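Undergrad: The following block contains a protein sequence and its predicted model.
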Amino acid sequence: MSRHLTLALSKGRLLDQVLAYASERGIDITFEDRKLIAHDPDGLLKLILVKNADLPTYLRYGIAGLGICGEDVLYEYGDELVRLLELPFGGTTMALAGRSDLQRPKWGPMTIATKFVRFTHDYFHERGVPVRLIKLDGSVELAPVLELAPYIVDLVETGSTLRAHGLRVIEELKKIKVHLVANRAYWKWHYRQIERLIVRLSSADA
Ligand code: PRP
């Protein structure tokens, strides 16, 4: 059995919060310039830095046993992963948004641009609302501005990206939390080591 646990982290705005949170609990992680693999000085963790949407793939194939990511990613790509711990940072809201002068249509399908097609499809279909979805991989706020689609479903944190494009939240759909997740087999195999990590990550600041 390897001495360290392998933990996948996502590039992007969550990363700094994860590193700060870990550091406050005595786990110092530094990725050297441009490097995508790091080790903590105590030899507890091997860390790999991946694109958000790829994180479940690395766990599914057992390349990383653990990961930290949002429920948005889990819903789209990683529903087979075990959720071990909800983390107290990085929360956002999945929201339906559009131009400030726009309401939800009374009838007829809404055309929605989004990265989160599975979530959006399921959310509206479960409520009997017909939707046409256009898949984008980022900069979703451009869609209403350039008239690709009148509506978007996207993560909203501060709301500043929406405001900068003359858009507003029409409806909040779901609060999105950040979780420590695991490949199920890896979790069983490394149970004690992972439990120790969970205790450490659940603790108040060191
Ligand atoms: C996310 C999200 C919004 C923005 C919301 O994008 O998709 O675009 O953050 O944040 P705000 O409410 O604080 O403005 P991200 O920066 O992850 O990049 P993306 O455009 O590639 O999705």
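TA: Arrived safely, thanks for sending. Numbering: from 1, shown residues only.
Undergrad: Quick check: the nearest residue to Ser203 once chain neighbours are set aside vs Val117, distance?
TA: Leaving aside its chain neighbours, Ser203 sits nearest to Arg25 (5.9 Å; criterion: Cβ to Cβ, 6 or more residues apart in numbering). Glycine gets a C-beta too; all of them are placed from N, C-alpha and C. Per Cβ to Cβ, to the nearest Å, Arg25 is found 36 Å from Val117.
Undergrad: What of Asp33?
TA: According to Cβ to Cβ, Asp33 stands 35 Å off from Val117.
Undergrad: try Ile68
TA: Taking Cβ to Cβ as the criterion, Ile68 is separated from Val117 by 23 Å.
Undergrad: between the two, which one's more packed in?
TA: Neighbours per residue, other Cβ atoms under 10 Å: of Ile68 and Val117, the larger number sits with Ile68, 24 against 17.
Undergrad: for the more buried one, helix, strand, or coil?
TA: What DSSP: H, G, I helix; E, B strand; the rest coil gives for Ile68 is strand.
Undergrad: That one contacts Val18, doesn't it?
TA: Yes: the criterion here is Cβ atoms under 8 Å, and Ile68 meets it with Val18 at 5.5 Å.
Undergrad: Which residues are in contact with each of these two?
TA: Leu9 (Cβ atoms under 8 Å, 6 or more residues apart in numbering).
Undergrad: before we move on, the earlier item: neighbours of the residue nearest to Ser203, how many?
TA: Using other Cβ under 10 Å, Arg25 has 16 other residues around it.
Undergrad: What does it show for phi and psi?
TA: Main-chain dihedrals, Arg25, degrees, to the nearest 10: phi -110, psi 20.
Undergrad: Packing partners of the host helix or strand of Lys46?
TA: Per DSSP states H and E: Lys46 is located in strand 45-50. Helices and strands touching strand 45-50, by 3 or more Cβ pairs under 8 Å, 6 or more residues apart in numbering; DSSP states H and E, are strand 5-10, strand 37-39.
Undergrad: Please report the confidence value the model assigns to the closest residue to Thr161 other than its chain neighbours.
TA: Distances taken as Cβ to Cβ, 6+ apart place Glu141 nearest to Thr161, at 5.5 Å, with adjacent residues excluded. Glu141 is assigned a pLDDT of 97 by the prediction.
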